[in-house]
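Engineer: heads up, no residue letters with this:
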Ligand SMILES: *Cc1c(COP(=O)(O)O)cnc(C)c1O
């Protein structure tokens, strides 16, 4: 370990100077703040461009080492080889494709679950598991960890796959029984691994999330798990620094690849356009810019849940009178964008102000940043939002014009990139394979409005059969990933459905712990 960088938190509470391993295990800081590194590395243009000659796992390992992780370099390399290995459908891991002159797509969905969460969740659980083992070895920790996840679809599968058979961890995922697609459900309930569990919850995603939160808040339940099972609870959610750090690596990687392909002149800036929900992905781009990657504008692309786009336009973050809208890009359907706190802290380095904004958000459902902070926001960010039908029309248009099939999340970014494009080449960040959202891609290609139902003969198909229909309309070469196309034949391991509410969740966990 050449140099170790320690951490502090965005609300100025934790004074213990935790290391990378400490903050990965802790997740959130004691006062509710988010961990940020005390110092950032700096990469020269030459060092960035050198990534182009390395396999992806070495790019990620190099970045981690520069960020001063307290894991020995040889071990970082070994874990990265595992994280970004043969489970990826493309050996380049995060390739950049030029779809039309000046517009490049960073494909983050070649992982085992076909969505961008894999970029972090194939990596973070390895470091999490490693950190627990290290702490147990020196006697500062006695327990293993149980991860509980409430999911509306994507995250649950990516977390299951990432944590499956990782030592010292178990994971139980809860999904709304009425709220996920046939394909998403099958992806989860067929998950392999001895340390995984999956339950449906009677109700919608809110019911499911509230129930899991209630279980986290139940001290009696925590004590029971600790005393009888030697387990501590964790959520491993997207505010964990261990999920953010891997998301910086692919922006360094993409710039190096873009220079190599001639998409940008070395040293000249690229703009990035990111379909944004919790602000984790675009925050990775911000950190990449801070450490030296020539990035011009960070363009935040929102769907009809446009709270972030409005914030970047006005400096006011306001959910007090905002209704939650259902969209074809459900992974961006978020009102409280949890990583924004980290961004505001990094722009101000002022824990007191940051804590104040967050307190105001909790109390009044809104906050307004000061002029100086707003100026910093505008210095780096641009934003726009796209309606449901605009995003579907974009899928159809790009498919017709360029023979490239976008998923509905990426379509939001593509549309915004087209509207806001300037002189710089644009990196459109693609966060899911189209096959994960077959129903809405079908509507897009057939010109069916988002609010309309599918024709009855199509609505009765399984998720996999629908993919075959989409593929018939898709450009040549657009092919559903094997793991998705074979789901109708995979054995369903988890059939349990429980009541919403704390007791339903806790009962499910007890049942799962008693399995043989
Ligand atoms: C999670 C997710 C997003 C949003 O990413 P954030 O880091 O939360 O902003 C966008 N698209 C897809 C497909 C996702 O799964």
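Structural biologist: Good, I have the coordinates. These figures come from a predicted structure and were not determined experimentally.
Engineer: ok, how many other residues are close to residue 305?
Structural biologist: Residue 305 has 23 neighbours, counted by other Cβ atoms under 10 Å. Where C-beta positions appear, they are placed from N, C-alpha and C, glycine not excepted.
Engineer: In contact with it, which residues?
Structural biologist: By Cβ atoms under 8 Å, 6 or more residues apart in numbering, the contact list for residue 305 reads 322, 324, 325, 327, 332, 333, 334, 335.
Engineer: Let me see the ranges of the strands in the stretch 251-400 of the chain.
Structural biologist: Remark: strands assigned in the stretch 251-400 of the chain by DSSP state E, counting those that start in this stretch are 270-275, 295-302, 316-318, 366-368, 381-385.
Engineer: next one: the stretch 401-516 of the chain
Structural biologist: 426-430, 497-499.
Engineer: Can you say which of these is nearest to residue 313?
Structural biologist: Nearest to residue 313, of all the strands of the stretch 401-516 of the chain, is strand 426-430, at 19.7 Å by Cβ to Cβ.
Engineer: what mean pLDDT does stretch 436-453 have?
Structural biologist: In this model, stretch 436-453 has a mean pLDDT of 96.
Engineer: near the ligand, which residues of this structure show up?
Structural biologist: Counting by Cβ under 6 Å from any ligand atom, the residues of the chain lying close to the ligand are 115-117, 154, 238, 275-281, 331-332, 409, 431-432.
Engineer: Go again with 5 Å.
Structural biologist: Proximity of the chain to the ligand, by Cβ under 5 Å from any ligand atom, involves residues 115, 154, 275, 276, 277, 278, 280, 281, 331, 409, 431, 432.
Engineer: Using neighbour counts, trim the residues you listed to the buried set.
Structural biologist: 115, 154, 275, 276, 277, 278, 280, 281, 331, 409, 431, 432 (16 or more other Cβ atoms under 10 Å).
Engineer: Show me which helix runs longest in this protein.
Structural biologist: helix 241-260 (DSSP state H).
Engineer: Top of the contacts of residue 305 by number of neighbours, please.
Structural biologist: residue 332 (24 neighbours).
Engineer: Spit out the contact partners of the nearest residue to that one once chain neighbours are set aside.
Structural biologist: In this structure, residue 332 finds its nearest non-sequential neighbour in residue 277, 4.0 Å apart by Cβ to Cβ, 6 or more residues apart in numbering. Counting by Cβ under 8 Å, 6+ apart, residue 277 touches 331, 332, 333, 334, 337.
Engineer: Can you give me the pLDDT of residue 277?
Structural biologist: pLDDT, read off for residue 277, is 93.
Engineer: cool, and residue 475?
Structural biologist: Model confidence at residue 475, given as pLDDT, is 86.
Engineer: show me what contacts it?
Structural biologist: Neighbouring residues of residue 475 by Cβ under 8 Å, 6+ apart: 399, 403, 404, 405.
Engineer: Just these: which are in helices?
Structural biologist: Of those, the ones assigned to helices by DSSP H are residue 399.
Engineer: ChimeraX command to pick out the buried ones of the contacts of residue 475?
Structural biologist: In ChimeraX, a selection of the buried entries from the contacts of residue 475 looks like this (16+ other Cβ under 10 Å):
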select :399,404,405
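Engineer: Of the contacts of residue 475, just say which sits nearest to the ligand.
Structural biologist: residue 405 (14.6 Å; Cβ to the nearest ligand atom).
Engineer: quick one: that closest one and residue 396 touch, right?
Structural biologist: No. Under the criterion of Cβ atoms under 8 Å, residue 405 is not in contact with residue 396, lying 9.9 Å apart.
Engineer: Show me what the worst-scoring helix or strand of the chain on mean pLDDT is in contact with.
Structural biologist: Ranked by mean pLDDT, DSSP states H and E, the weakest helix or strand in the chain is helix 205-217, scoring a mean of 91. Residues from elsewhere that reach helix 205-217, judged by Cβ under 8 Å, 6+ apart: 148-152, 174-176, 179, 201, 203, 221, 233, 235, 500-502, 504-506, 509.
Engineer: Fine, thanks again, bye for now.
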